[in-house]
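Colleague: Kindly generate the corresponding structure for this input.
(chains A and B)
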Amino acid sequence: MGQWYMLTLVGKDRPGIVARVSKALYEGGCNLGEASMFRLGGNFTIMLMATAPKAAGDVDALLKPVCAELDLRCHVDPIEGKLHNHVEPNVRVTLFGADRAGIVARATGALAAAGLNILHLESDVGGTEAEPIYIMQIEGVAHQGIEALRAALADMAREGVTIHVAPIDTLIG
Amino acid sequence: MAVLPILHYPDPRLAEVCAPVERFDDELRALIVSLEETMRAGPGGVGIAAPQVGRLIRAALVDVSSKRDVKNHGRVVLINPEILEWDGFAVGREGCMSVPDYTGNVIRAERIRLTALDETGAAHEYAMEGYEARAVQHEIDHLDGLLFLDRLVSRRNDLFRRKVYQEPKAPK
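Modeller: Next comes the predicted model:
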């Protein structure tokens, strides 16, 4: 197995981005690993692990024509990483409320101090332009138990942010 | 008895619909003992089904009594199980000994009523809820050739976003 790279691609959303990017990588001899791909604010964003039998510059060169054609910005970094390295989350935190500045910094700061290691975070702004609401979903490992997380967010809950902290107890069958 | 090797996806035997058990003999009882040893040998295993060890018969067992604060019936042998009633639904995280290094969210009924035979052929009826009900549904799926992978729902949205509905058209 060659060196792993982390590829970051961002551009205005349009149909066919994933197909074109993955085809160029496949034809260039790359192997794809874990990925997250989302539309964020009208942009399509890709974070993608790929191995390549080549140097980082060559992976760049491989993607250059596709990026030019689809108007994507691309960044390639060699990483230390591997597959089959998942960590199981044991807690899910859902937080939502009227959008206001500082909500993420405050919540994640309190959670980190209470022992949460975030594995996965997604957030979105919904509602209307006049009355936006902020929704955040986090999965992670609570190293000091989930009561500590609830306590850490109690002030925000009193101020009207809705917070759910629920254990994830993965069933293995 | 023995800890048996577990089949891993994409072994095609995991996709087979299993045959009902007809003979309640020593061979069946030995298989149940081995299944239990195999389940307990795996880290965190709370259920196992015969097809996971390559035996394509409708036999499984669950035991969620190791989990804290979970209502349970202890060790439950499920031979020719039939779910009679489903009620409610919940999203929960599942993994599988036959699918290493991957877990995902699956919707299951919250409460079920079922019948099953034990390894002596005696019939039992159970009312189960929560984690135990989830484990039973996961194992019965194995008997029908289904994995939790067949039932994955998005990891992303626990809050299911509502569609924006079109305004009803004005009557003509």
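Colleague: Identify the residues contacting the most centrally placed residue in chain B.
Modeller: Nearest residue to the geometric centre of chain B (C-alpha atoms, centre = their mean): residue B:138, 1.8 Å. Residues in contact with residue B:138 (C-beta atoms under 8 Å, 6 or more residues apart in numbering or on different chains) are A:171, A:173, B:47, B:94, B:96, B:106, B:108, B:148. Glycine gets a C-beta too; all of them are placed from N, C-alpha and C.
Colleague: at 6 Å instead, please
Modeller: residue A:173 (C-beta atoms under 6 Å, 6 or more residues apart in numbering or on different chains).
Colleague: Determine whether the claim that it is in a strand is correct.
Modeller: No. Counting by DSSP: H, G, I helix; E, B strand; the rest coil, residue B:138 is not part of a strand but helix.
Colleague: how much space between it and residue A:82?
Modeller: 29 Å (C-beta to C-beta, to the nearest Å).
Colleague: same deal with residue A:16?
Modeller: 30 Å.
Colleague: repeat for residue A:149
Modeller: 30 Å.
Colleague: same deal with residue B:113?
Modeller: 46 Å.
Colleague: These two: who's more crowded?
Modeller: Legend: neighbour count by other C-beta atoms under 10 Å in any protein chain shown for residue B:113 and residue A:82, higher for residue B:113 (15 against 11).
Colleague: which bits of chain B sit near chain A?
Modeller: Contact residues (C-beta under 6 Å from any C-beta of the partner chain) of chain B with chain A: B:44-45, B:47, B:93-96, B:101, B:103, B:134-135, B:138-139.
Colleague: What's the mean pLDDT across the longest helix anywhere in chain B?
Modeller: Scanning chain B for the helix with the most residues, using DSSP state H, yields helix B:26-41. The pLDDT scores in helix B:26-41 average 97.
Colleague: What helices and strands are in contact with it?
Modeller: For helix B:26-41, the elements it packs on are strand B:47-49, judged by 3 or more C-beta pairs under 6 Å, 6 or more residues apart in numbering or on different chains; DSSP states H and E.
Colleague: Strands of chain B, residue ranges please.
Modeller: Applying DSSP state E to chain B gives strands spanning B:47-49, B:59-62, B:76-96, B:99-117, B:123-129, B:152-153.
Colleague: got the buried residues for the longest one?
Modeller: What that stands for is strand B:76-96. The neighbour-count check on strand B:76-96 (16 or more other C-beta atoms under 10 Å in any protein chain shown) flags B:76, B:77, B:78, B:79, B:80, B:81, B:83, B:92, B:93, B:94, B:95, B:96 as buried.
Colleague: would you list the strands of chain B in JSON lines and tack on mean pLDDT?
Modeller: What follows is the strands of chain B, written out as JSON lines (pLDDT from 0 to 100):
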{"stretch": "strand B:47-49", "mean pLDDT": "98"}
{"stretch": "strand B:59-62", "mean pLDDT": "98"}
{"stretch": "strand B:76-96", "mean pLDDT": "96"}
{"stretch": "strand B:99-117", "mean pLDDT": "96"}
{"stretch": "strand B:123-129", "mean pLDDT": "98"}
{"stretch": "strand B:152-153", "mean pLDDT": "92"}
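Colleague: Select, out of those strands, the one closest to residue A:20.
Modeller: Shortest distance between residue A:20 and these, using C-beta to C-beta, is found for strand B:152-153: 26.3 Å.
Colleague: Mind giving me the packing neighbours of the closest one?
Modeller: Against strand B:152-153 (3+ C-beta pairs under 6 Å, 6+ apart) you get strand B:99-117.
Colleague: what angle sits between the strand it packs on and strand B:123-129?
Modeller: 130 degrees (axes from the mean of the first three to the mean of the last three C-alpha atoms, to 10 degrees).
Colleague: What sits closest to residue B:45 if chain neighbours are left out?
Modeller: residue B:39 (4.5 Å; C-beta to C-beta, 6 or more residues apart in numbering or on different chains).
Colleague: Does residue A:74 touch residue A:9 like I think?
Modeller: Yes. Proximity of residue A:74 to residue A:9 meets the contact threshold set by C-beta atoms under 6 Å, at 5.0 Å.
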